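**Q** Need a 3D model of the sequence below.
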Amino acid sequence: MKVNYNNNPRDSRTYDTERLRDEYLTETMFKEDDIVSVYSHIDRIVILGVLPKNEDLELDRFINSKDFGVDFFLQRREFGLINLGGKAQIKTKSESYDLDYLDGLYLGMSTENVEFCSLDINNPALLYCISAPAHHKYPSRIIKQSEANYIVLGVQVHSNERIIRQYLHPEVLPTCQLSMGVTCLKEGSVWNTMPPHTHERRMEAYFYFDVKPQQVVFHMMGEPEETRHVVMRNHQMILSPSWSIHSGCGTQNYSFIWGMLGENQTFDDMDFVDMNTIK
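**A** This is a model prediction of the structure:
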């Protein structure tokens, strides 16, 4: 498990490219027949990439529950995932869930014996997962792509026309604090979340996908008056502390999964940045 510690924004101003990438970026989130895990002390988020192909993958075989002081990983945590690959099956102690491409799944606190498998080894599942500390057990359920809250934002003239699908969201299902969804930029659009914002009450993580070969996304981060950029490629994840903007501009349209946790679940609780002040 990769462990990331929280950072003071004043320290982050001094980071060079290598240090910036080391502190916030995870370049490889998927490995065949493995569960890649990142634990950040920023709101104690855990992010996992699961790629079952030749064998089923048991969550607690890859995550040492003792690192979290519990008997099993989800004893005091909730869990969300979105499938970016072929048909997947997720089994628990009491249920089994079948997911197609861009279907989501929520597992409530205290879910035991979580196991991931692909239903077609020639087209394996790619499961991007986020876990957050929880205080209450809410019902587990599948969120089909068609059941996600669907929003269209932006305009072509500003190169930011995009579709947002909210999976883990109060209008879709109850969770303790975890919010999760997908943003897809339309052809000809390259900007996301611009003008930018911060939200001191929540942290956020972006996972970029559908970034085509030889294309990149310039992910913007940092304090509004001290911005930095990180060059990102397909299937890479970046953490965003609450004090940092989180925006991106690609060399072509792309998609990303966003996940948030913190003090509230109000999607539009944002501190917008005046474009005349950003540096």
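
**Q** ok, which stretches of the stretch 151-279 of the chain are strands?
**A** For the stretch 151-279 of the chain, strands defined by DSSP state E, counting those that start in this stretch occupy the ranges 162-168, 179-185, 191-192, 197-198, 202-209, 217-223, 226-232, 236-240, 245-250, 255-262, 271-272.

**Q** which stretch among those comes nearest E18?
**A** Of all the strands of the stretch 151-279 of the chain, strand 226-232 sits nearest to E18, with 11.0 Å by C-beta to C-beta. From N, CA and C alone the C-beta is placed, and that goes for glycine too.

**Q** Could you pull out the buried residues of that closest one?
**A** Across strand 226-232, burial judged by 16 or more other C-beta atoms under 10 Å covers 227-230, 232.

**Q** Near Q214, how many residues? Count them for me, please.
**A** 8 (other C-beta atoms under 10 Å).

**Q** phi, psi of it?
**A** Q214 adopts backbone torsions of phi 70, psi 10, taken as degrees, to the nearest 10.

**Q** F272 versus that one, what's the distance?
**A** For Q214, the distance to F272 (C-beta to C-beta, to the nearest Å) stands at 34 Å.

**Q** now S118
**A** Distance from S118 to F272, by C-beta to C-beta: 42 Å.

**Q** for the chain, what helix or strand is lowest in average pLDDT?
**A** One helix or strand of the chain scores below all others by mean pLDDT, DSSP states H and E: strand 271-272, with a mean of 81.

**Q** thinking again about what came up before, among the strands of the stretch 151-279 of the chain, which comes closest to I130?
**A** strand 255-262 (4.2 Å).

**Q** Format the CA atom coordinates belonging to stretch 195-207 as CSV.
**A** Output of stretch 195-207 as CSV, limited to C-alpha atoms (Å, rounded to 0.1, in the frame of the first residue of the first chain):
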residue,chain,number,x,y,z
PRO,A,195,-13.1,28.8,-13.7
PRO,A,196,-11.6,26.8,-10.9
HIS,A,197,-12.7,26.5,-7.2
THR,A,198,-11.6,25.1,-3.9
HIS,A,199,-13.7,23.6,-1.1
GLU,A,200,-12.2,23.8,2.3
ARG,A,201,-14.7,21.4,3.6
ARG,A,202,-13.9,18.5,1.3
MET,A,203,-10.9,16.9,-0.4
GLU,A,204,-11.1,15.4,-3.9
ALA,A,205,-9.4,12.9,-6.1
TYR,A,206,-9.4,12.7,-9.9
PHE,A,207,-8.8,9.5,-11.9
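
**Q** how about that stretch: buried residues?
**A** For stretch 195-207, by 16+ other C-beta under 10 Å, it's 196-199, 202-207.

**Q** distance of I257 from Y128?
**A** 6 Å.

**Q** Once you drop chain neighbours, what's closest to Y167?
**A** Among residues not flanking Y167 along the chain, G104 sits closest, at 3.9 Å (C-beta to C-beta, 6 or more residues apart in numbering).

**Q** Isn't Y208 up against Q236?
**A** Yes. Assessed by C-beta atoms under 8 Å, Y208 is found in contact with Q236 at 5.8 Å.

**Q** any idea which helix or strand carries the closest residue to M1 other than its chain neighbours?
**A** In space, and not counting its chain neighbours, M1 is closest to S37: 4.5 Å by C-beta to C-beta, 6+ apart. Taking DSSP states H and E as the criterion, S37 maps to strand 34-40.

**Q** Packing partners of the next helix or strand after that strand?
**A** Sequence-wise, the next helix or strand downstream of strand 34-40 (DSSP H and E) is strand 46-51. Other helices and strands packing on strand 46-51, by 3 or more C-beta pairs under 8 Å, 6 or more residues apart in numbering; DSSP states H and E, are strand 34-40, strand 127-133.

**Q** ok, and what's touching the first one?
**A** Same thing as strand 34-40. 1-6, 26, 28-30, 45-51, 57, 59, 62-63, 67, 116, 203, 205, 237, 239 (C-beta atoms under 8 Å, 6 or more residues apart in numbering).

**Q** ok, now stretch 117-124?
**A** So stretch 117-124 is contacted by 32, 51-54, 56-57, 85-91, 98, 125 (C-beta under 8 Å, 6+ apart).

**Q** got any residues that touch both of I257 and Y128?
**A** 82, 84, 207.

**Q** Spatially nearest residue to N54 (excluding sequence neighbours)?
**A** Using C-beta to C-beta, 6+ apart, the nearest residue to N54 is D33, at 5.6 Å.
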